[in-house]
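Student: Need coordinates for the below:
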Amino acid sequence: MASSKDSKYPFWDTSGWFSLIIPSESNHDEAKNIADQLQKSKLPFFTSDLVIQETMTLLMARKETEKAKQFWASLSDSKVIRLERIDESRFQKSGDYFSKHIDQGYSFVDASSFILMKEFRITAAVSTDKHFTKAGFKKLLD
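Tutor: Numbering: from 1, shown residues only. So this is what the prediction gives:
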């Protein structure tokens, strides 16, 4: 359930996960610093099932099969990742948001992320995606 205050932790988007997982990515050090800060503060890595699906697909598309296996294993064993599912209600809200903002170029996964971020009062995303800024959130990676 959402708290009355803004969340102290960011939302992890696909580009954030990819930057963290792939050391050669230009934003790897930034993503790793954010991850290290969260772990020290014992704050969760907040993300969604759709973002995980998109991240796994991206890893496979980039021929990072071993990284995809490692990422999945880390998710399965993680006590620090807060994985929110896009249930029927959230799916409907995501589709409505997507349709209402169709001219903005947001993906459906973006729309579902924005719905979750609003629900949990999360104001920042570990992402390089300019759509987060466009939707009124702070983007933590360049």
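
Student: Show me what the helix or strand bottoming out on mean pLDDT in the chain is packed up against.
Tutor: Averaged element by element with mean pLDDT, DSSP states H and E, the chain has its least confident helix or strand at helix 65-77 (a mean of 93). If you count contacts as 3 or more C-beta pairs under 8 Å, 6 or more residues apart in numbering; DSSP states H and E, helix 65-77 packs onto helix 14-21, helix 49-61. (Each C-beta comes from the backbone N, C-alpha and C, glycine too.)

Student: Return the set of buried residues in it.
Tutor: Within helix 65-77, the residues that qualify as buried by neighbour count (16 or more other C-beta atoms under 10 Å) are K67, A68, F71, L75.

Student: Not counting sequence-adjacent ones, nearest residue to the third one?
Tutor: When the adjacent residues along the chain are set aside, F71 lies closest to I21, with 5.7 Å between them (C-beta to C-beta, 6 or more residues apart in numbering).

Student: Could you do the second one as well?
Tutor: Spatial nearest neighbour of A68, excluding adjacent residues (C-beta to C-beta, 6+ apart): L59 at 4.0 Å.

Student: So the one you found versus K79, what's the distance?
Tutor: 22 Å (C-beta to C-beta, to the nearest Å).

Student: ok, those two, which is more surrounded?
Tutor: Ranked by neighbour count (other C-beta atoms under 10 Å), L59 and K79 place L59 first, with 23 against 5.

Student: I'd guessed the more buried one sits against K69; true?
Tutor: No: at 9.1 Å, L59 does not count as touching K69 under the criterion of C-beta atoms under 8 Å.

Student: I am finished for the moment; much appreciated.
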